[in-house]
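Q: got a sequence here, can you build the structure:
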Amino acid sequence: MSVKLRKRNQGGKTSLYLDYYSAGKRKTETLKLYLLPKPKTKLEREQNKKTLELAENIRAQRQIEMQNGEYGFRDKEKQKGSLLVYMRMLADKRMDSAGNWGNWDSMIKHLEAFTSADTAFSKIDRAFVQDFKEYLDKKAKTKSNVNLSQNSKYSYFNKFRAGLKQAVKDGIIPHNPAESVEGFKQGEPEREFLSLEELQAAAKAECDIPQLKTAFIFSCLTGLRWSDINKLLWSEVRHSNELGYHIQFRQQKTKGAETQPISDQAFELLGEPQEKEERVFKGLKYSAWHNMKLQQWMMRAGVSKTITFHCARHTYATLQLTLGTDIYTVSKLLGHRELKTTQIYAKVIDEKKIEAANRIKL
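A: Alright, predicted model coming up:
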């Protein structure tokens with residue numbers, strides 16, 4: 001009983017497929033994944049590497065399914081199956097949605113930290129669910145070693161409950177023990193941002209990592225997320241008579257194709273154009289150490305707020321609205337699919353207006 005990853009030439013590309021062998025019988029499964037036959041650039045080699053990793057993940061998944069039956073469990077012993085294996089399989093089915101898969105992946109990592117790898121469904125009861133909720137609430141940490149935000153706890157616990165609900169549908173457990181456990185309340189998202197004066201002060205202040213400073217200010221001027229700035233290529237930075245300087249790219253989070261106009265000042269920040277397949281911001285990294293350097297830079301600029309890289313995107317949105325850009329246009333510039341996502345910024349602006357109005361007293 002085995003599953004092998006195979007390659008074959010097809011239409012000028014290398015096609016990847018799975019070769020199944022069980023009980024003397026063989027069959028194949030086309031993955032519809034392809035390798036570039038002769039990668040010449042670093043980007044092409046990275047693309048091949050990621051494609052192979054995806055194919056290997058699928059192969060490992062199929063191997064588990066063959067060994068244990070559909071959903072990873074023998075029909076007569078489903079409740080002896082691994083909770084973590086099952087949750088991982090549910091997550092992998094969501095790999096076509098990076099944001100959704102990322103939340104599932106994070107939830108599973110916290111679940112792995114909370115319980116052992118061999119935890120079976122037979123051990124999952126209301127007390128287990130309640131204890132995991134307590135773990136998310138009090139003990140779980142982010143990569144930066146800080147407690148989870150209210151919205152992260154809300155999201156991860158809901159993913160866990162959804163996994164148990166699916167297990168009921170699949171006949172693995174008779175009922176969902178999470179139904180009797182109250183979930184987390186969704187928190188009001190915090191939208192910290194810089195005022196125009198604070199942004200101007202930051203532009204003049206020194207940062208220990210110049211590339212980080214440039215990328216942050218570029219985000220303040222364009223609204224691009226860190227993930228999109230980090231992968232930005234010179235081939236995506238363009239100029240035309242109609243649009244002026246602009247970026248044509250695919251959003252990392254939503255996978256939507258976007259054409260984003262950028263100002264002349266934003267373009268000048270990038271420096272001299274390089275080879276088309278080169279990254280614009282080489283060596284840009286995201287870590288607790290880089291967040292510390294970002295905060296130190298803000299302190300030098302006289303900014304006392306807690307600022308992360310994502311605050312640059314919030315700064316862009318709030319400044320656009322403050323300076324009179326209509327909310328529909330701001331929504332499109334941010335690449336939001338729904339206007340209600342952008343309305344949170346309008347709410348922030350309204351709160352600032354009320355605060356300012358109340359400052360004048362006789």
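
Q: give me the residue ranges of the protein where confidence is low.
A: For the chain, residues meeting the criterion pLDDT under 70 lie at 1, 22-23, 65-79, 96-99, 187-190, 253-254, 349-362.

Q: tell me how it divides into domains.
A: Domain assignment for the chain by automatic domain parsing gives 1-68, 79-187, 196-357.

Q: how far does the second one sit from its chain's centre?
A: By that I understand domain 79-187. In terms of CA atoms, centre = their mean, to the nearest Å, the centre of domain 79-187 is found 18 Å from the chain centre.

Q: leaving aside the residues next to it on the chain, what's closest to residue 120?
A: residue 80 (5.1 Å; CB to CB, 6 or more residues apart in numbering). For glycine as for every other residue, the C-beta is placed from the backbone atoms N, C-alpha and C.

Q: what is the burial count for the one you found?
A: Each residue near residue 80 was counted by other CB atoms under 10 Å, and the total is 14.

Q: now residue 283: closest residue in space that isn't a chain neighbour?
A: Here the residue nearest residue 283, using CB to CB, 6+ apart, is residue 211, at 6.3 Å.

Q: list the contacts for the one you found?
A: 281-284 (CB atoms under 8 Å, 6 or more residues apart in numbering).

Q: in the host helix or strand of it, what's buried?
A: Applying DSSP states H and E as the criterion places residue 211 in helix 210-222. If you call a residue buried by 16 or more other CB atoms under 10 Å, then helix 210-222 has these buried ones: 212-222.

Q: try stretch 94-113
A: 94, 98, 103-108, 110-111.

Q: where along the chain do the helices fall?
A: 42-68, 83-92, 98-114, 126-138, 150-169, 196-204, 210-222, 226-230, 264-269, 288-300, 311-322, 327-334, 339-357 (DSSP state H).

Q: so what touches the shortest one?
A: To tie it back to what came earlier, the one meant is helix 226-230. Here helix 226-230 makes contact (CB under 8 Å, 6+ apart) with 215, 218-219, 249, 251-253, 279-281, 284, 286, 309-310.

Q: likewise for stretch 264-283?
A: The contact list for stretch 264-283 (CB under 8 Å, 6+ apart) reads 41-43, 211, 214-215, 217-218, 221-222, 229-235, 237, 244-245.

Q: in it, what's buried?
A: Under 16+ other CB under 10 Å, the buried positions of stretch 264-283 are 266-267, 269-270, 279-281.

Q: ok, stretch 27-40 next?
A: Those would be 31, 33-35, for stretch 27-40 by 16+ other CB under 10 Å.

Q: out of those residues, who's nearest residue 145?
A: Checking those against residue 145 by CB to CB gives residue 33 as the nearest, at 36.6 Å.

Q: and the angle from the helix holding residue 211 to helix 288-300?
A: Orientation check (axes from the mean of the first three to the mean of the last three CA atoms, to 10 degrees): helix 210-222 against helix 288-300 gives 70 degrees.

Q: how far off centre is helix 210-222?
A: 20 Å.

Q: dump the C-alpha coordinates for that helix into CSV.
A: Output of helix 210-222 as CSV, limited to C-alpha atoms (Å, rounded to 0.1, in the frame of the first residue of the first chain):
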residue,chain,number,x,y,z
PRO,A,210,16.6,51.8,6.4
GLN,A,211,14.9,49.1,4.2
LEU,A,212,12.2,48.7,6.9
LYS,A,213,11.7,52.5,7.0
THR,A,214,11.3,52.8,3.3
ALA,A,215,8.9,49.9,3.1
PHE,A,216,6.8,51.2,5.9
ILE,A,217,6.5,54.7,4.4
PHE,A,218,5.8,53.1,1.0
SER,A,219,2.9,51.3,2.6
CYS,A,220,1.7,54.5,4.2
LEU,A,221,1.7,56.1,0.7
THR,A,222,0.1,53.2,-1.1
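
Q: with adjacent residues omitted, what lies nearest to residue 280?
A: Per CB to CB, 6+ apart, closest to residue 280 is residue 232, 4.5 Å.

Q: give the contact list for that neighbour.
A: Contacts of residue 232 by CB under 8 Å, 6+ apart are 224, 247, 249, 279-281.

Q: repeat that for residue 231.
A: Listed by CB under 8 Å, 6+ apart, the contact partners of residue 231 are 252, 279.

Q: same thing with residue 237?
A: By CB under 8 Å, 6+ apart, the residues touching residue 237 are 245, 247, 267, 270, 273, 280.

Q: could you dump these to a markdown table with distance to residue 143?
A: Converted to a markdown table, the contacts of residue 237 look like this (distance: CB to CB, whole Å):
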| residue | distance to residue 143 |
| --- | --- |
| 245 | 34 |
| 247 | 28 |
| 267 | 32 |
| 270 | 28 |
| 273 | 33 |
| 280 | 24 |
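
Q: sort out for me which of those residues are in strands.
A: Taking DSSP state E as the definition of strands, these contribute 245, 247.

Q: among the contacts of residue 237, which one lies nearest to residue 171?
A: Out of the contacts of residue 237, the member with the shortest distance to residue 171 (by CB to CB) is residue 247, at 48.9 Å.

Q: ok now do the closest residue to that closest one other than its chain neighbours, which residues does it touch?
A: Excluding the flanking residues, the one nearest residue 247 by CB to CB, 6+ apart is residue 260, at 4.6 Å. Residues near residue 260 by CB under 8 Å, 6+ apart: 222-224, 246-249, 333, 335.

Q: go ahead and confirm residue 108 touches residue 86.
A: No. If you go by CB atoms under 8 Å, residue 108 and residue 86 don't touch, sitting 10.3 Å apart.
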